[in-house]
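>>> Quick one, structure for this:
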Amino acid sequence: MREAQASGVVAKTLAICPPALEMSGELGDIFEGGPERAADLPRLMERAVARDGAAFFDAGQHIRVDPLDGVHWNADAHATLGAEMAKVVLCLI
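Here you go, the predicted structure:
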């Protein structure tokens, strides 16, 4: 697969499922009902990407949203996500 990298050809697609929303903080009202509607998202995404031959990464297994707004990630979550995704990406190349 090293040749694919050099040629710019994508060797494998990685689908990333975001962490669950939380009904907290400043944006809680905007996303009312979101956590319930998205509860099956990781399972459904994993099944769909497996069918299409892509790799799957469930970010919710590694990070949580910031309770400040219940949607976005804080700096620590970004650092953790980057480190965990790097491990997965290195296995794909």
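>>> Listing request: residues of this structure with sub-threshold pLDDT.
1-10, 25 (pLDDT under 70).
>>> at 90 what do you get?
1-12, 20-39, 52-53, 67-72, 90-93 (pLDDT under 90).
>>> Buried residues of the longest helix seen in the chain, list them for me.
Counting by DSSP state H, the longest helix found in the chain is helix 75-92. Using 16 or more other CB atoms under 10 Å as the test for burial, helix 75-92 gives A77, T80, L81. Quick note: C-beta positions are derived from backbone N, CA and C, even for glycine.
>>> and if you look at stretch 16-34?
Of all the residues in stretch 16-34, those buried under the rule 16+ other CB under 10 Å are C17, P18, P19, A20, L21, E22, G25, L27, G28, F31, G34.
>>> CA atoms of the longest helix of the chain as PDB?
The C-alpha trace of helix 75-92 is given here as PDB (Å, rounded to 0.1, in the frame of the first residue of the first chain):
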ATOM      1  CA  ALA A  75      -8.900  20.700  23.500                       C
ATOM      2  CA  ASP A  76      -8.200  17.500  25.500                       C
ATOM      3  CA  ALA A  77     -10.800  15.500  23.500                       C
ATOM      4  CA  HIS A  78      -9.200  16.800  20.200                       C
ATOM      5  CA  ALA A  79      -5.800  15.600  21.400                       C
ATOM      6  CA  THR A  80      -7.200  12.200  22.400                       C
ATOM      7  CA  LEU A  81      -9.100  11.800  19.200                       C
ATOM      8  CA  GLY A  82      -6.000  12.700  17.100                       C
ATOM      9  CA  ALA A  83      -3.800  10.200  19.000                       C
ATOM     10  CA  GLU A  84      -6.400   7.400  18.700                       C
ATOM     11  CA  MET A  85      -7.100   8.100  15.000                       C
ATOM     12  CA  ALA A  86      -3.400   8.100  14.200                       C
ATOM     13  CA  LYS A  87      -3.200   4.500  15.500                       C
ATOM     14  CA  VAL A  88      -6.000   3.400  13.300                       C
ATOM     15  CA  VAL A  89      -4.700   5.300  10.200                       C
ATOM     16  CA  LEU A  90      -1.300   3.800  10.600                       C
ATOM     17  CA  CYS A  91      -2.800   0.300  10.500                       C
ATOM     18  CA  LEU A  92      -4.600   1.200   7.200                       C
END
